[in-house]
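Q: Take this sequence and fold it.
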Amino acid sequence: MLNLKSALMVLSLSLTSALSYAQDASVLSPQLINAMSTAAHDEALKLGVDISFSVVDEKGWPLFFQRYDNAMLLTTVLVPKKAYTSAITRMPSGELEKLTAPGAPLYGINTADPKLILIAGGYPLTYKGKLVGALGVGGGSWEQDEQMGQAALKAFKTAVDK
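A: Take a look at the predicted model:
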């Protein structure tokens, strides 16, 4: 049986852990998500493409989705999967594609989870060394999706590095 001192220590550690998690999770505020989405959309306008944009939490659960202008309907399926893939693998979805080619170390991983997608445009979001979520963007070419994703990442980093 736990004595009172041990019980209080366990409770204290649990509360500290919960508060730490809540602080990290709150990093992805509606304002920050809007800033990232706006940055990606602004870059898309410069490139002349219509996009969709998505943000998920650290477990891949949806937090935000926006289909801008006349983005292809296919982006409504692909873009959330890009964010999900980056959250659960903790790497950009474009890098995962290279690691899953025949003969590569992760070949076939995409068959384990139907939500995994192996195309560029998904990026993990880290704060103080911890994964807090991921973003997905798409509607352009591979290179354009990377460029728009980098614009959104820059907005994220600018906000959290203040």
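Q: When you work out contacts or count neighbours from here on, use the C-alpha atoms and nothing else.
A: Fine.
Q: Verify the contact between Leu153 and Ala35 for me.
A: No: look at Leu153 against Ala35 with Cα atoms under 8 Å: they stay out of range, at 10.1 Å.
Q: the more surrounded of these two?
A: Leu153 (21 against 16; other Cα atoms under 10 Å).
Q: Find the nearest non-adjacent residue to the more buried one, please.
A: Met36 (7.0 Å; Cα to Cα, 6 or more residues apart in numbering).
Q: quick one, what contacts the one you found?
A: Ala151, Ala152, Leu153, Ala155, Phe156 (Cα atoms under 8 Å, 6 or more residues apart in numbering).
Q: most centrally placed residue in the protein?
A: Centroid-nearest residue in the chain, with Cα atoms, centre = their mean: Ala134, separated by 0.8 Å.
Q: check contacts around Ile33.
A: Counting by Cα under 8 Å, 6+ apart, Ile33 has contacts Val55, Phe64.
Q: let's see it at 7 Å
A: If a contact means Cα atoms under 7 Å, 6 or more residues apart in numbering, then Ile33 has no contacts.
Q: element containing it?
A: helix 30-47 (DSSP states H and E).
Q: Next one: Leu73 from Pro102, what distance?
A: 30 Å (Cα to Cα, to the nearest Å).
Q: now do Leu32
A: 38 Å.
Q: Between these two, tell me which one has more neighbours.
A: Between Leu32 and Pro102, counting by other Cα under 10 Å, Leu32 is the more crowded of the two (16 against 10).
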